[in-house]
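Peer 1: Need the 3D shape of this:
(2 chains)
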2 protein chains.
Amino acid sequence: MLPTVCGRRILPVIGQPQPERADAARNRRKIIEVAARMIDEQGADDISLDEVARVAGVGVGTVYRRFGDRAGLVLALIDEQERRFQEAFLAGPPPLGPGAPARERVTAFLDALVDRVVAQQGLFAQLEKCGKAMRYSGPYRVYHIHLATLLDEACPEADQAFLADALLAPVNARLIAFQHDERGMTIEQIKTGLAGLATVVTRGYGVTAGDER
Amino acid sequence: MLPTVCGRRILPVIGQPQPERADAARNRRKIIEVAARMIDEQGADDISLDEVARVAGVGVGTVYRRFGDRAGLVLALIDEQERRFQEAFLAGPPPLGPGAPARERVTAFLDALVDRVVAQQGLFAQLEKCGKAMRYSGPYRVYHIHLATLLDEACPEADQAFLADALLAPVNARLIAFQHDERGMTIEQIKTGLAGLATVVTRGYGVTAGDER
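Peer 2: Reported below is the predicted structural model:
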């Protein structure tokens, strides 16, 4: 496919050097591929931008310019699965997507979020180690808005912003790893625990007439 | 007070060099004082063990031997307030300490834990950035056992180990800082939110006869 700038195709001129944007896109793909492979092989804990640049055969400056820092690289690496996940809960089939009662969607969302975090556990653990600005922007911000909106419908008497934080807090890559590895909990047990909590919470704060079935 | 080894006093011999243990204790105090002052002045984010060693005038090896790593130094820095806090919830006056119904103690504990975390927010934020082994050992382990024990009494039908994690998860230094700084929530609002959650949870999973008032 031809490279595009702001949605318009650029026709490459034969014999001329590739336009900068194509080089940049190639470098970006290359860096992401290398970083993903390194994380598969050695885990996300020890990944360094310098090492990624070296293995990808690009300048360290290129990596820092494209991704800013380690957190930027992690966000780029979770991006594709993250888009699919966001589409599923914003516009996919119920109960994760629209069309089910809000309190069922809360449970479905937390359940799907556990799978999401487990699928890229090392990368989410990296995000969780970032400072608060990065930790609570990006994907977290979208999850929070979505959950607070559902809670506004499911339990309008609660402080939805706080409650959304409180329900998102246990869906934490390192906590799930700890519960699984050290406490011997299965992912199903963790999901059952979250579903129980979501039920108790959405019932406990009062249920809107529309949700009462 | 004379230094002790395994509980037995060592009598220093005049004119002899101080026993190694006294030197070690002095170095330890010095390192902790310097680290605490540096954190007061420049925040906990940028503290490096090498810099602490330099300012304290001790060898870098001494700092690493005493504290192992940054996390070990952070644990030493929270130690004194942590002991007082643990005494308060394990043996202090009710409702934080024993003598109140379990579900009141759950609320009192979460409320006190917010104060505890806020009082040494930078240090707790550092602990939260550690790997899961460190993050969920130390103080967290004690909080978890305490809360799970109370929940076992307040709502025996719940999965107490999971529920204790779930209630501890929102009492998170960086989340509280984010809620306060970015969402404009007061610490009182956060405590009210947690108290509401604790009430809904302990009522929702069923209440023991002894707690029913």
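Peer 1: Now stretch A:153-171: buried residues?
Peer 2: Across stretch A:153-171, burial judged by 16 or more other CB atoms under 10 Å in any protein chain shown covers A:153-155, A:158-171. Placement of C-beta: from N, CA and C, glycine included.
Peer 1: Pull the contacting residues for residue A:144.
Peer 2: A:136, A:161, A:164-165, A:168 (CB atoms under 8 Å, 6 or more residues apart in numbering or on different chains).
Peer 1: low-confidence ranges in chain A?
Peer 2: A:1-20, A:206-213 (pLDDT under 70).
Peer 1: So which residues of it form helices?
Peer 2: Under the criterion DSSP state H, helices of chain A are mapped to A:20-42, A:49-56, A:60-67, A:70-91, A:102-119, A:121-128, A:132-135, A:139-154, A:160-168, A:173-181, A:187-204.
Peer 1: Helix A:70-91 and the longest one, what's the angle between them?
Peer 2: Read it as helix A:20-42. Angle, helix A:20-42 to helix A:70-91, by axes from the mean of the first three to the mean of the last three CA atoms, to 10 degrees: 90 degrees.
Peer 1: Equivalent analysis for the fifth one, please.
Peer 2: Using the same axes, to 10 degrees, the interaxial angle of helix A:102-119 with respect to helix A:70-91 works out to 150 degrees.
Peer 1: With just CA atoms, put helix A:102-119 into CSV.
Peer 2: Presented in CSV, the C-alpha positions along helix A:102-119 are these (Å, rounded to 0.1, in the frame of the first residue of the first chain):
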residue,chain,number,x,y,z
ALA,A,102,-25.9,-1.6,32.6
ARG,A,103,-25.1,-3.8,35.6
GLU,A,104,-24.6,-6.8,33.3
ARG,A,105,-22.3,-4.7,31.2
VAL,A,106,-20.2,-3.8,34.2
THR,A,107,-19.6,-7.5,35.0
ALA,A,108,-18.9,-8.3,31.3
PHE,A,109,-16.5,-5.4,31.1
LEU,A,110,-14.5,-6.4,34.2
ASP,A,111,-14.4,-10.0,33.0
ALA,A,112,-13.1,-9.0,29.5
LEU,A,113,-10.6,-6.6,31.1
VAL,A,114,-9.1,-9.4,33.1
ASP,A,115,-8.5,-11.3,29.8
ARG,A,116,-7.2,-8.2,28.2
VAL,A,117,-4.6,-7.5,31.0
VAL,A,118,-3.6,-11.2,31.2
ALA,A,119,-3.0,-11.3,27.4
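Peer 1: do that helix and chain B meet at all?
Peer 2: No - Helix A:102-119 stays clear of chain B (CB under 8 Å from any CB of the partner chain), getting no nearer than 10.6 Å.
Peer 1: what angle do that helix and helix A:187-204 make?
Peer 2: Between helix A:102-119 and helix A:187-204, the angle comes out at 150 degrees (the same axes, to 10 degrees).
Peer 1: Mind giving me the packing neighbours of helix A:102-119?
Peer 2: Under the contact criterion of 3 or more CB pairs under 8 Å, 6 or more residues apart in numbering or on different chains; DSSP states H and E, helix A:102-119 touches helix A:70-91, helix A:139-154, helix A:160-168, helix A:173-181, helix A:187-204.
Peer 1: Which residues does that helix contact?
Peer 2: With contacts defined as CB under 8 Å, 6+ apart, helix A:102-119 is touched by A:81-82, A:85, A:88-89, A:94-98, A:100, A:124, A:143, A:146-147, A:150-151, A:153-155, A:167-168, A:171-173, A:176, A:187, A:190-191, A:194-195, A:198-199, A:202-203, A:207-208, A:211.
Peer 1: Just the buried ones among those residues, please.
Peer 2: In the contacts of helix A:102-119, the ones that pass as buried (16+ other CB under 10 Å) are A:82, A:85, A:88-89, A:95-97, A:100, A:124, A:143, A:146-147, A:150-151, A:153-155, A:167-168, A:171-173, A:176, A:190-191, A:194, A:198-199, A:202-203, A:207-208, A:211.
Peer 1: Would you agree residue A:179 is in contact with residue A:190?
Peer 2: Yes - contact criterion CB atoms under 8 Å: residue A:179 and residue A:190 qualify, at 5.9 Å.
Peer 1: shared neighbours of these two, anything?
Peer 2: Counting by CB under 8 Å, 6+ apart, the shared contacts of residue A:179 and residue A:190 are residue B:162.
Peer 1: what does chain A put close to chain B?
Peer 2: A:45, A:125, A:129, A:131-132, A:135-136, A:158-159, A:161-163, A:165-166, A:169-170, A:172, A:174-175, A:177-179, A:181-183, A:185, A:189-190, A:192-194, A:196-197, A:199-201, A:203-205.
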